Structures are given as structure tokens and as C-alpha cells.
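Trainee: Okay, predicted coordinates and the sequence, questions at the end:
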Amino acid sequence: MQLYLPIAEIPVNIFVIFGMGGAVGFLSGLFGIGGGFLLTPLLIFSGIPPAVSVATVTTQVVASSSSAVVTYWRRKAIDLKLATILLIGGVLGSLIGVILFQVLQSVGQLDLVISLSYVTFLGAIGGLMLFESVRAIRRRRSGTAPKARKPGQHNWIHGLPLKVRFRRSKLYVSVIPVVGLGTIIGFLGTVLGIGGGFMMVPALIYLLRVPTNIVIGTSLFQILFTMAAATVFHSIGTKTVDIVLAMTLMIGGVIGAQFGARMGQNLRGEQLRLLLALLVLLVGLRFAVDLLVTPEDFYSIAIEKGAGA
Amino acid sequence: MRRLFTALFWLLLATGALAQSRPNQDLVTSLSSDLISIQSNFTGTEIVIFGQASNIPRQPDDRSGFELAIVVEGPPQDITTRRKGRFLGVWVNREAERFQNVPSFYAVASTIDIGRMANRTLLDELGIGLNHLNLAVSGVSNVALADRDDFRRAFIRLREDSGLYSEQETSILFLTDTMFRTNIPLPANIPVGVYKVKSFLFHNGEVVASTEQSLAVAKSGFEEFTFQLAQVYPLVYGLLAITLAMFTGWLAGVIFRRD
């Protein structure tokens, strides 16, 4: 069934879009990720204009993360104070992101920056996850216990000023890295159309040493509100949020996520991480191929002014 | 005195208008519809243009030099064409050429090959045929003069690929000696706005009659409402989007609740 998208101004097959939302939702439920980094490229490759894809996925991420936030909220697994400070950075980063997005669009380098960023971030994070999960699987096979983290271990981050106490996370750290982290994730999320959970979670664990049971809920909470802000900024700034596309994706997504979450419970953590790492690398590779292989068509056009701009 | 001037002014205006609207005896055209409304099930459509070229001494087997061309033109756009080049091993957009005030949609139908209809100058002047479109470029451009034609060709090719530009020679059908008809397909991705439908009757390479009509392409119903909301009240639209998203997420959480 064809459905005409009011903002993208093209007709799409609604079942294909619904299926994409469902498939990405399944993976996001399975791995406990937002799935934006999979959905945005998928939409771009299927012919939705990049600007519409990026902006609309921010709305879809709001839906998928709010569903999970409700669960973590009930379990009281969210550090509200930490999330709020991250969020301040997130909104700031998102605002900078929308401005940069418009600048890049006008100079015709948006697609390049999106591709390069995907290659860089997905490559780096996928590589790290792959390395870490392979090591964990080997360790399990050989039977050696992982090295426990020594209490009171500090890194350079703990030497920064403006320290604040986060009771829920049992932390006493400076707000500078917290706001900084929020800004970077908010910025990347807005420009790339991703929630950034797969970057936020490792950063909170390894850089700020937030306890693992608090990390996911807190990260999801801040992603929810950062992406909500990004949706509003995109609506006002780029006017490329397609509400019909977003609704189709989110309905498919929330249903898929439930099945994914059920299946995820039967898989071991490090196996999941290995699969996720391979998936992340694969998406990164796909973008790298586009950048490196001689394009079929050297020319492209973009409407700057007038009808349909 | 002032009244007299005003009256004179109106009189002049009226006679001018009268002169312009004097029915052209040689060419009459009509559209199957003067409004294309885009709704959620829109997947493209076509318009039928039919008309009569009367007072033509035209025999069934002898065209006697009379030919027709019909141009459908969408509202103007500024479009940048970019060319990729290798930079540090990566393919990036290098040169760009901005075409100004080019039609967002362009379809031409004719009775014979456009090149044989009239001389180049006249076709260029009237903008009949893809090779005769006026593609004005902006002053700022980093494209070498030798490459400009490549950019124009690439631009037209890309627009043809997306179905927005087309040239259908010999697609005007004569039903009788004087009555003709043609179909112009409008693809699903046509931009909204006011279109111009221009018909030209040529005789031995000269335009002897022409008509111009307008065709409106507009979103309607839900599509129009959503689009207007996004354009006029972007804040409301954004807030509505996140409310819907949060509600959907929350609802899913409630429906599939397991603990």
C-alpha cells in the first residue's frame, strides 16, 4: 500500500517502512540499543531524503526510548540528577547540531559529513566492542576470572573542579565531563539521527564509573529528552520531521522491540555484544564503501529555493 | 479632473485587457482538470490536454507545415548540481553549479521532432524542448567553462531520471483534422504550486497561435493540514510529534508489561 508522505513529499510503501521499523525495533530490543544508527542509514538507502531521515529518526528514538524509560523508572534504576546534567549538555549539543546541519546542507556537504561520521564512530566503537567481547568470550572459555575493579580507582577525570555528588550513582565527580559528554552525544545525535546510547553507555561506565545497574536507565532517560529537544529543533530549524513516517516507524519499532527483548534474555551478554559489534562494523563498512568506491554517478542535484526546497 | 483621469485610466486598462483576451480563432485548448490534489494515496497521475486548431488548411495525409507543441512547466526552483571528485582518497562533492529559476517540472509533447519544428533561436526563446531550456547559472561558480555543458547535461539527465523532466516527441494525437489530444504523466514526486500549460501552433517554422493555461497542484486534506502545520506552526508540530512518540512508547510499555 502506497502512502504519500506530507513532508518528504514522496509516496512510500507503508508495509516496507513498517517492516523496517519492526526489524530495527527487534534488534534494538535484542541489544538494548536505540537503533537510530541502523534506522537512519536504512531510510537513506531506501530513498528517503537524508535530511528527512535524520530528523524523523530523532522522533522515532523518542518513542522507542520512552517505552524503556517507563520500565527503568519503575525499577528506580535512573539517576535523575546525573541525567538532568547530561541533558543540559544534550540540549546544548542538539542546538549546535541543528545549526551545523543547516550550514552543511547549504554548502552541499551534509551527506559527506554524515557518511564520514558514521564510518568513524561506528568503526571505532564497533572495533572496541568486538575486541572487548572476543576477550570476554575467550576468558569465559579459559575460565580465568575477570579483573575486578579496585574501589577508589581514579582517572584524570576525577581531578577536575566543580565536583558534584550523585547519590544514586554513588559518585562524586566534576560536572564538566558530564555536561561535555551530554553535549557531544546530543550533537552527534542531532546531526546523525541516532540516540547515541551505544556511545553513552560505555562512556558512563568507563569514563565516569557509573554503576552498571544505573547506566542504562540514566542513559535512556537523557536520550529520550535530548531526542525530544532535537525533534523540536529540527521541526523549527530544518522543517524535515515527517510525522507520518515517524508514526509508521515507531509503531513497527515498539512491536519489534518486544520480540527482540524476549529473545535477548536467552542469549549471553558477551555473545550479544559480539553480534552488536559485528552489526555496528557492518553499517560503518557500508558507508565506507560508498565513500571509497568510484560512484556510478558523479553528479547530484539539490533544490535550493522555490517549490519543494 | 482627477475623476476624468481615473476614468480614462480604467478605460485604457479595459481596452488593453479586451485586446489580450480576444479569443484566438486558430487554437483552443482545454485541460482534463485544472487542479491536481495530492492526498495520502497519491501515486502520480496524468493530465489530458485536448484542443482544436481551427482554420488550418490541413489535409489528412498532408500536414502542410502545421505542427503543435505543448509545454507543461512547474513553478520555478533554484537547483544546485554538484560533481563528485576524489579528495584524499574519498569521493566528495567538489564543483557546484547553481541553476536559477529553472522549472521544477517540465514536460513537452509535440507532433514531430522538436528540432524540425522551428529554428533553434525560436525554440530557445520559447523554451520548447529539453535542449532549448533556459538554464541560467548564478555568477558564483567554480566550474570550468569547458565543463559547463557537462553540468547542464547531467542536470537534465538527473531530472529526467526522477521523472520530472520529459520530452515526448510525436505524442500529440490528431483525432480529426483539427482536434488533437495528448497525455502528460505527472509523477508522484511532483512539487506543489501553479503550473503553466503552454500550447504553440507552428506553421512553417513560425508560431501562428498560442495559448496559456494554468494548472494547480496542491496537497489537500490531511496532507495539506500536516504540511501547513509544519510550516506555519513548527513549534506546535514538533511538540505534537514528541507527544505522539511518547504516548506510543508509553502505550507499548503498558500493553507489553511483564513485571
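Mentor: Yep, that arrived. This one's a predicted model, so the numbers in the text were calculated from it and none came from an experiment.

Trainee: From what I see, A:Ser53 and A:Gly36 are in contact.
Mentor: No. If you go by C-beta atoms under 8 Å, A:Ser53 and A:Gly36 don't touch, sitting 10.2 Å apart. Using the backbone N, CA and C atoms, a C-beta is placed for each residue, glycine as well.

Trainee: okay, the two: which has more neighbours?
Mentor: A:Gly36 (27 against 24; other C-beta atoms under 10 Å in any protein chain shown).

Trainee: if you go through the stretch 101-250 of chain A in chain order, where are the helices?
Mentor: Ranges of helices in the stretch 101-250 of chain A, per DSSP state H, counting those that start in this stretch, are A:110-142, A:175-192, A:197-206, A:212-237, A:243-264.

Trainee: what's the shortest one packed up against?
Mentor: Spelled out, that is helix A:197-206. helix A:110-142, helix A:175-192, helix A:212-237 (3 or more C-beta pairs under 8 Å, 6 or more residues apart in numbering or on different chains; DSSP states H and E).

Trainee: What degree of burial does the residue of the stretch 151-300 of chain A found nearest chain B show, as a neighbour count?
Mentor: Relative to chain B, the nearest point of the stretch 151-300 of chain A is A:Ser235 (3.1 Å; C-beta to the nearest C-beta). Per other C-beta under 10 Å, the neighbour tally for A:Ser235 reads 29.

Trainee: list the contacts for it?
Mentor: Shown in contact with A:Ser235 (C-beta atoms under 8 Å, 6 or more residues apart in numbering or on different chains): A:55, A:241, B:230, B:234-235, B:237-238, B:241.

Trainee: Cross those residues against helices and list the overlap.
Mentor: Within these, residues falling in helices by DSSP state H are A:55, B:230, B:234-235, B:237-238, B:241.

Trainee: Output the residues you listed as JSON lines; include the columns pLDDT, neighbour count and distance to B:Arg159.
Mentor: JSON lines is the format used below for these (pLDDT from 0 to 100; neighbours: other C-beta atoms under 10 Å in any protein chain shown; distance: C-beta to C-beta, whole Å):
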{"residue": "A:Ala55", "pLDDT": "89", "neighbour count": "31", "distance to B:Arg159": "25"}
{"residue": "B:Ala230", "pLDDT": "92", "neighbour count": "23", "distance to B:Arg159": "26"}
{"residue": "B:Pro234", "pLDDT": "94", "neighbour count": "19", "distance to B:Arg159": "29"}
{"residue": "B:Leu235", "pLDDT": "95", "neighbour count": "10", "distance to B:Arg159": "35"}
{"residue": "B:Tyr237", "pLDDT": "95", "neighbour count": "23", "distance to B:Arg159": "30"}
{"residue": "B:Gly238", "pLDDT": "94", "neighbour count": "26", "distance to B:Arg159": "32"}
{"residue": "B:Ala241", "pLDDT": "95", "neighbour count": "28", "distance to B:Arg159": "32"}
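
Trainee: Which of the helices of the stretch 101-250 of chain A has the highest mean neighbour count?
Mentor: helix A:212-237 (a mean of 26; mean count of other C-beta atoms under 10 Å in any protein chain shown).

Trainee: what's the angle from that helix to helix A:243-264?
Mentor: Using axes from the mean of the first three to the mean of the last three C-alpha atoms, to 10 degrees, one finds that helix A:212-237 and helix A:243-264 are set 170 degrees apart in direction.

Trainee: Would you map the helices across the stretch 151-259 of chain B?
Mentor: Under DSSP H, counting those that start in this stretch, the stretch 151-259 of chain B gives helices at B:222-232, B:234-255.

Trainee: Can you show me the CA trace of the last one as PDB?
Mentor: Presented in PDB, the C-alpha positions along helix B:234-255 are these (Å, rounded to 0.1, in the frame of the first residue of the first chain):
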ATOM      1  CA  PRO B 234       6.700  24.400  13.600                       C
ATOM      2  CA  LEU B 235       6.800  24.500  17.400                       C
ATOM      3  CA  VAL B 236       3.300  23.100  17.800                       C
ATOM      4  CA  TYR B 237       4.200  20.500  15.100                       C
ATOM      5  CA  GLY B 238       7.400  19.500  17.000                       C
ATOM      6  CA  LEU B 239       5.600  19.200  20.300                       C
ATOM      7  CA  LEU B 240       2.800  17.200  18.700                       C
ATOM      8  CA  ALA B 241       5.400  14.800  17.200                       C
ATOM      9  CA  ILE B 242       7.100  14.200  20.600                       C
ATOM     10  CA  THR B 243       3.700  13.800  22.400                       C
ATOM     11  CA  LEU B 244       2.700  11.200  19.800                       C
ATOM     12  CA  ALA B 245       6.100   9.500  20.200                       C
ATOM     13  CA  MET B 246       6.000   9.400  24.000                       C
ATOM     14  CA  PHE B 247       2.400   8.200  24.000                       C
ATOM     15  CA  THR B 248       3.200   5.400  21.500                       C
ATOM     16  CA  GLY B 249       6.200   4.400  23.600                       C
ATOM     17  CA  TRP B 250       4.300   4.500  26.900                       C
ATOM     18  CA  LEU B 251       1.300   2.600  25.400                       C
ATOM     19  CA  ALA B 252       3.600  -0.200  24.200                       C
ATOM     20  CA  GLY B 253       5.200  -0.300  27.600                       C
ATOM     21  CA  VAL B 254       1.800  -0.700  29.200                       C
ATOM     22  CA  ILE B 255       0.500  -3.300  26.700                       C
END
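
Trainee: Just the buried residues of that helix, please?
Mentor: B:234, B:237-238, B:240-242, B:244-246, B:248-253 (16 or more other C-beta atoms under 10 Å in any protein chain shown).

Trainee: Residues in contact with the longest strand seen in chain A: which ones?
Mentor: Criterion DSSP state E: the longest strand present in chain A is strand A:299-306. Applying C-beta under 8 Å, 6+ apart, the external contacts of strand A:299-306 come out as A:106, A:108, A:309, B:75-84, B:93, B:98, B:101, B:104, B:151, B:154-155, B:157-159.

Trainee: Low-confidence regions, the chain specifically.
Mentor: Assuming you mean chain A. A:144-158, A:305-309 (pLDDT under 70).

Trainee: look at chain B instead
Mentor: Confidence mapping of chain B against pLDDT under 70 gives the ranges B:1-25, B:55-64, B:258-259.

Trainee: One more pass at 80, please.
Mentor: B:1-26, B:54-65, B:138-143, B:170, B:177, B:253, B:256-259 (pLDDT under 80).

Trainee: What's the separation between B:Gly85 and B:Val92?
Mentor: 7 Å (C-beta to C-beta, to the nearest Å).

Trainee: Looking at the two now, which is surrounded by more residues?
Mentor: B:Val92 (18 against 12).

Trainee: quick one, what contacts the residue lying closest to that one once chain neighbours are set aside?
Mentor: Distances taken as C-beta to C-beta, 6 or more residues apart in numbering or on different chains put A:Leu112 closest to B:Val92, at 5.1 Å, once the chain neighbours are dropped. Each residue near A:Leu112 by C-beta under 8 Å, 6+ apart is listed here: A:291, B:90, B:92-93.
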